[in-house]
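**Student:** got a predicted model here, sequence first, then my questions.
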Amino acid sequence: MTAGSGIAVTERKSVLLRLDPAVHDALARWASDEMRSTNAQIEFLLRRALADAGRLPGRAGPMRPRGRPPAASRPGTSPPPHVDDQPG
């Protein structure tokens, strides 16, 4: 399956992760500073640690890009009108 941007989207695994509340708060602040969700920040850090240790599998799909996907690629939405398409 591919997203609207042509990037292959792989099925995601769900994992229950128990964290000390202070660690979670620190991760959430860091994620916010980098415009990521807490989940995306955890995945980013895990991937970086795996790569640094030489253990990131070659078959691992790419990280999803930051931010929300464009409206045209989200189900049930339409793209915003083009400037020339607006009345007036």
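**Tutor:** Perfect, I can see it now.

**Student:** quick check: which ranges of the chain have low pLDDT?
**Tutor:** 1-10, 73-88 (pLDDT under 70).

**Student:** scan the protein for its longest helix.
**Tutor:** Among the segments of the chain that qualify as a helix by DSSP state H, the longest is helix 38-52.

**Student:** which strands and helices sit next to that helix?
**Tutor:** helix 21-33 (3 or more CB pairs under 8 Å, 6 or more residues apart in numbering; DSSP states H and E). (C-beta placed from N, C-alpha, C; glycine too.)

**Student:** tell me which residues are up against the helix it packs on.
**Tutor:** Applying CB atoms under 8 Å, 6 or more residues apart in numbering, the external contacts of helix 21-33 come out as 19, 37-38, 40-42.

**Student:** tilt between it and helix 38-52?
**Tutor:** Relative orientation of helix 21-33 versus helix 38-52 (axes from the mean of the first three to the mean of the last three CA atoms, to 10 degrees): 90 degrees.

**Student:** any buried residues in helix 21-33, and which?
**Tutor:** By 16 or more other CB atoms under 10 Å, the buried positions in helix 21-33 come out as 27, 31.

**Student:** rewinding a little: most surrounded residue in the contacts of helix 21-33?
**Tutor:** Neighbours here mean other CB atoms under 10 Å. Within the contacts of helix 21-33, the largest count is held by residue 41, at 19 neighbours.

**Student:** so how far is residue 72 from residue 45?
**Tutor:** The gap separating residue 45 from residue 72 is 31 Å, by CB to CB, to the nearest Å.
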